[in-house]
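Asks: with the sequence up front, the predicted model follows.
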Amino acid sequence: MTSLRERKPSWIRAQFPGGERYGEIVRLLNEETLNTVCQEARCPNIGECFNRGTATFMILGDTCTRACGFCAVTSGRPAPIDWTEPSRLAEAVERLKLSYVVITSVNRDDTPDGGAQIFASCIELIRRRRPETAVEVLVPDFVGNWNALETVLSAGPTVLNHNVETVRRLYPQVRFQARYERSLELLRRASEWNPHIPTKTGFMLGLGEERDEVSALLRDLRDVNVELLTVGQYLRPSSKHLPVVRYAPPEEFDSIRQEALSLGFRHVESGPMVRSSYHADEQARAAQLVEVELHRQMPG
């Protein structure tokens, strides 16, 4: 087991956030009282992504109704839903001229649709104010409310993302309020309902998974037609969270990437510092290019 104070291996390094665009985005987020998962989850890539003109906004408040063992987001009783949030988010995207936006949320199990209508409104208003901006959504499992999922898909996101986070065996410790089968079912339904919207997921290494369990997870994800994948190293946010069992070396991430590509994933980002939204714009572009090429090769 590792501790927070234990020295991390040399490949676990992130640049100190800075740069002109970074400061601009942080200032506007404060002005519009918007949250980003980049800040709330203490993402190590925040500076790089902000300066690339991409950001991951966290809607539906900053308090989650769940308390996953790996997550730095505050858990507890959330404030009432703010129905003006989609408008403020769309305005911020327009003012910052962002090229690619990821929208995620805390879990809102206290609401009938898990916040699906807010997701849909965000997509629609961003499209209206800045049509050239691509919008990826990283959704919760909606506690199996598939009507809520359909509400989000009907708004036409560029990519539909839902993270499985870990292997099947570790769900009771890592995501004890979630269900492995439910996450797979969400991804399956999303792919079937709108095959033109690529599905995406991500998981972490370092929580105690075995390599053969990772291979089984990859196969399960391809069985439900997931196309885009992110794999990163779990980093313990605080002493209250699950400990890091081990730090996977870079070559293990490379091996997983090659295995995933051999199974048919269209694009894979796999590395110690990779997070769910890392290079999300490049992933979406890769999926679209593959789609174009497949249509080109079709006879007739």
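Replies: Cool, got the structure.
Asks: how about the strand or helix carrying residue 92: buried residues?
Replies: Under the criterion of DSSP states H and E, residue 92 resides in helix 85-96. Neighbour counts over helix 85-96 (16 or more other CB atoms under 10 Å) mark 85-86, 88-93, 96 as buried. From N, CA and C alone the C-beta is placed, and that goes for glycine too.
Asks: what residues are up against residue 234?
Replies: 70, 204-207, 242, 244 (CB atoms under 8 Å, 6 or more residues apart in numbering).
Asks: just put the residues you listed in a markdown table and tack on secondary structure, neighbour count and pLDDT.
Replies: Output for the contacts of residue 234, formatted as a markdown table (DSSP: H, G, I helix; E, B strand; the rest coil; neighbours: other CB atoms under 10 Å; pLDDT from 0 to 100):
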| residue | secondary structure | neighbour count | pLDDT |
| --- | --- | --- | --- |
| 70 | coil | 21 | 87 |
| 204 | strand | 25 | 97 |
| 205 | strand | 25 | 98 |
| 206 | coil | 21 | 97 |
| 207 | coil | 21 | 97 |
| 242 | coil | 20 | 93 |
| 244 | coil | 23 | 95 |
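Asks: low-confidence ranges in the protein?
Replies: For the chain, applying pLDDT under 70 flags the ranges 1-6, 13-54, 287-300.
Asks: ok, which stretches of it are strands?
Replies: 35-36, 54-59, 63-64, 74-75, 100-105, 134-138, 159-161, 199-205, 228-233, 267-270 (DSSP state E).
Asks: wait, which of those is closest to residue 172?
Replies: Across those, residue 172 has its closest neighbour in strand 199-205 (15.7 Å, CB to CB).
Asks: restrict the closest one to CA atoms and write it as PDB.
Replies: What follows is strand 199-205, C-alpha atoms only, in PDB (Å, rounded to 0.1, in the frame of the first residue of the first chain):
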ATOM      1  CA  THR A 199     -19.600   5.900 -26.900                       C
ATOM      2  CA  LYS A 200     -16.700   6.300 -24.600                       C
ATOM      3  CA  THR A 201     -15.600   5.100 -21.200                       C
ATOM      4  CA  GLY A 202     -12.600   5.100 -18.900                       C
ATOM      5  CA  PHE A 203     -11.000   3.300 -16.000                       C
ATOM      6  CA  MET A 204      -8.100   3.500 -13.600                       C
ATOM      7  CA  LEU A 205      -5.200   1.300 -12.700                       C
END
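Asks: test my guess that residue 63 contacts residue 75.
Replies: Yes. The criterion here is CB atoms under 8 Å, and residue 63 meets it with residue 75 at 6.8 Å.
Asks: tell me the contacts of residue 127?
Replies: So residue 127 contacts 133, 135, 156 (CB under 8 Å, 6+ apart).
Asks: check residue 83 too.
Replies: residue 118.
Asks: need phi/psi at it.
Replies: phi -80, psi -10 (degrees, to the nearest 10).
Asks: that one and residue 115, how far apart?
Replies: Note on residue 83: its distance to residue 115, by CB to CB, to the nearest Å, is 11 Å.
Asks: also residue 188?
Replies: 21 Å.
Asks: and residue 238, by the same measure?
Replies: In terms of CB to CB, residue 238 sits 26 Å off from residue 115.
Asks: same question for residue 216.
Replies: 31 Å.
Asks: what does residue 64 give?
Replies: For residue 64, the distance to residue 115 - CB to CB - is 11 Å.
Asks: for these two, indicate the residue with more neighbours.
Replies: residue 115 (28 against 23; other CB atoms under 10 Å).
Asks: who's in contact with that one?
Replies: Residue 115 neighbours (CB under 8 Å, 6+ apart): 59-60, 81, 105, 108, 140.
Asks: if we can go back for a sec, buried subset of the contacts of residue 127?
Replies: 133, 135.
Asks: just put the contacts of residue 127 in CSV and tack on distance to residue 183.
Replies: Formatted as CSV, these follow (distance: CB to CB, whole Å):
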residue, distance to residue 183
133, 27
135, 22
156, 22
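Asks: ok, so of the contacts of residue 127, who is nearest residue 278?
Replies: Nearest member of these to residue 278, counting by CB to CB, is residue 135, at 17.1 Å.
Asks: wait, that closest one touches residue 99, no?
Replies: No. At 10.8 Å, residue 135 does not count as touching residue 99 under the criterion of CB under 8 Å.
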